[in-house]
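Chemist: here is my input, please return the structure:
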Amino acid sequence: MVPAHEDPAVHALLAGGPAFQVAWLRDRALPPAVLLPLLNACAQRCFFCAGPGTVSVPEREVTSWSTIDAQLRPPPGVSRLLVGGNEPALHPSFADALQLSRERGFSHVDLMTNGTTLVTGARAWSRLGLREVVVPLYGTRAAEHDAVAGLPCFEAVIAGLRAAHAVGIRVWVHTLAMRETLPRLGELAAFTEAEFGTRLGLGLLRPKPVFDWSRHAVSLGQLRRALVDLDVDLLAAPLCLAWGQGDDLVPGPSRPASERSPLATIYFLTQRRCYLPACEGCPSRANCGGVVGAYSGEKTNG
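Modeler: Purely as a prediction, here's the structure:
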């Protein structure tokens with residue numbers, strides 16, 4: 001059963017077979033690829049995520065090898081594989097899955113990971129086709145990141161990102177717009193650009209049953225004001241948040257797909273979205289995904 005706060009269309013994508021996934025992505029102007037979600041326990045304890053099914057997964061629900069084998073069958077002309085999950089790099093069959101994907105013709109693998117295993121795995125995984133990694137970061141200092149992640153891991157994450165970058169893997173960093181990160185978004189964006197040559201991805205903090213959303217979320221108005229002088233890529237957020245002070249500016253999400261991570265885009269699409277009262281009559285609505293329901297009633301320019 002799809003949780004009430006999540007988008008059934010994205011759940012269908014994650015559960016679909018390779019041909020369905022390729023068509024789904026093409027319909028949304030995303031690069032054609034096959035998705036491999038690996039379900040297993042995550043070692044981190046991020047407050048907005050840690051709960052049943054994330055930090056503990058019954059053995060019977062861990063993604064089986066037969067499921068992996070069935071999914072790693074690329075349709076003709078498709079060579080890209082997107083790997084995600086709770087923490088896919090900790091799945092017991094992760095390395096074997098990369099090996100099989102290479103044998104089956106996947107030459108470009110994207111991995112969404114917390115980054116802690118990259119320092120030991122990046123070089124070997126790059127030989128098996130790992131080309132891009134998508135990693136969350138919540139600050140440029142250990143105290144900032146670790147307070148969100150729920151355990152000391154900042155140093156391991158940074159070392160892993162640098163190890164991946166050193167062997168030619170493209171590094172995408174994303175973060176969440178929330179009270180803990182808003183004051184230092186500029187520092188994090190500058191760090192990402194300087195270290196890895198990519199733009200920081202920024203998504204809204206999405207409400208989930210495992211935490212008190214109101215304690216950590218910032219309003220859309222606060223976020224828009226913070227974005228005026230920042231160059232970031234907004235992920236599954238209203239287009240008008242990217243316009244800064246002038247509505248004639250080109251919104252960040254209109255950048256070419258090659259300049260954004262498809263895995264991060266899909267990740268931030270997983271929750272149900274709606275349109276605000278202020279969205280009525282907006283000429284960009286047809287190309288805008290709206291906002292998750294917890295922000296209902298706000299004005300993005302407030």
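Chemist: what's the neighbour count on Pro207?
Modeler: 19 (other C-beta atoms under 10 Å). Backbone N, C-alpha and C define where each C-beta goes, glycine included.
Chemist: can you check Gly290 too?
Modeler: By the criterion of other C-beta under 10 Å, Gly290 has 18 neighbours.
Chemist: with Ala122 instead?
Modeler: Around Ala122 there are 25 residues (other C-beta under 10 Å).
Chemist: does it really touch Leu161, like I thought?
Modeler: No. Ala122 is beyond contact range of Leu161, at 9.0 Å (criterion: C-beta atoms under 8 Å).
Chemist: give me the common contacts of these two.
Modeler: Val133 (C-beta atoms under 8 Å, 6 or more residues apart in numbering).
Chemist: what sits against the residue nearest the centre of the chain?
Modeler: The chain has Ala264 as the residue nearest its centroid, 2.8 Å off, counting by C-alpha atoms, centre = their mean. Ala264 makes contact with Met112, Val134, Trp172, His174, Gly201, Gly203, Leu235 under the criterion C-beta under 8 Å, 6+ apart.
Chemist: the same query, at a cut-off of 7 Å, please.
Modeler: By C-beta atoms under 7 Å, 6 or more residues apart in numbering, the residues touching Ala264 are Val134, Trp172, His174, Gly201, Leu235.
Chemist: helices or strands up against the strand or helix carrying Thr120?
Modeler: Element membership of Thr120 [criterion: DSSP states H and E] is helix 118-127. Contacts defined by 3 or more C-beta pairs under 7 Å, 6 or more residues apart in numbering; DSSP states H and E place helix 118-127 against helix 154-166.
Chemist: now the helix it packs on and helix 118-127, what's the angle there?
Modeler: For helix 154-166 against helix 118-127, the angle by axes from the mean of the first three to the mean of the last three C-alpha atoms, to 10 degrees is 20 degrees.
Chemist: average model confidence for helix 154-166?
Modeler: Summarised as a single mean, pLDDT over helix 154-166 is 98.
Chemist: buried residues in that helix?
Modeler: Buried residues in helix 154-166, counted by 16 or more other C-beta atoms under 10 Å: Phe154, Ala156, Val157, Ile158, Ala159, Gly160, Leu161, Ala163, Ala164, His165.
Chemist: ok now it, how far from the chain's centre?
Modeler: When distances are taken as C-alpha atoms, centre = their mean, to the nearest Å, helix 154-166 is centred 18 Å away from the chain's centroid.
Chemist: for that helix, C-alpha coordinates in CSV please.
Modeler: Taking C-alpha atoms only, helix 154-166 is exported to CSV below (Å, rounded to 0.1, in the frame of the first residue of the first chain):
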residue,chain,number,x,y,z
PHE,A,154,30.7,14.0,8.3
GLU,A,155,34.4,13.1,7.9
ALA,A,156,33.6,9.8,6.3
VAL,A,157,31.1,11.4,3.9
ILE,A,158,33.6,14.2,2.8
ALA,A,159,36.4,11.7,2.4
GLY,A,160,34.1,9.5,0.3
LEU,A,161,33.0,12.4,-2.0
ARG,A,162,36.6,13.4,-2.6
ALA,A,163,37.5,9.8,-3.3
ALA,A,164,34.7,9.5,-5.9
HIS,A,165,35.6,12.8,-7.5
ALA,A,166,39.3,11.8,-7.7
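Chemist: so which residues make contact with that helix?
Modeler: Counting by C-beta under 7 Å, 6+ apart, residues outside helix 154-166 touching it are 114-119, 122, 133, 135, 137, 142, 145-146, 171, 196.
Chemist: just the buried residues of these.
Modeler: Going by neighbour count (16+ other C-beta under 10 Å), the contacts of helix 154-166 have 114-119, 122, 133, 135, 137, 145-146, 171, 196 buried.
Chemist: what's the closest of the residues you listed to Gly85?
Modeler: Asn114 (11.0 Å; C-beta to C-beta).
Chemist: mind checking the SS state of that closest one?
Modeler: Assigned state for Asn114: coil (three-state reduction, DSSP: H, G, I helix; E, B strand; the rest coil).
Chemist: and the nearest residue to Leu118 once chain neighbours are set aside, how far from Pro58?
Modeler: Nearest non-adjacent residue to Leu118, counting by C-beta to C-beta, 6 or more residues apart in numbering: Gly160, 3.0 Å away. Distance from Gly160 to Pro58, counting by C-beta to C-beta, to the nearest Å: 28 Å.
Chemist: about what we covered before: for Arg127, state which of the buried residues of helix 154-166 is nearest.
Modeler: Ala164 (12.9 Å).
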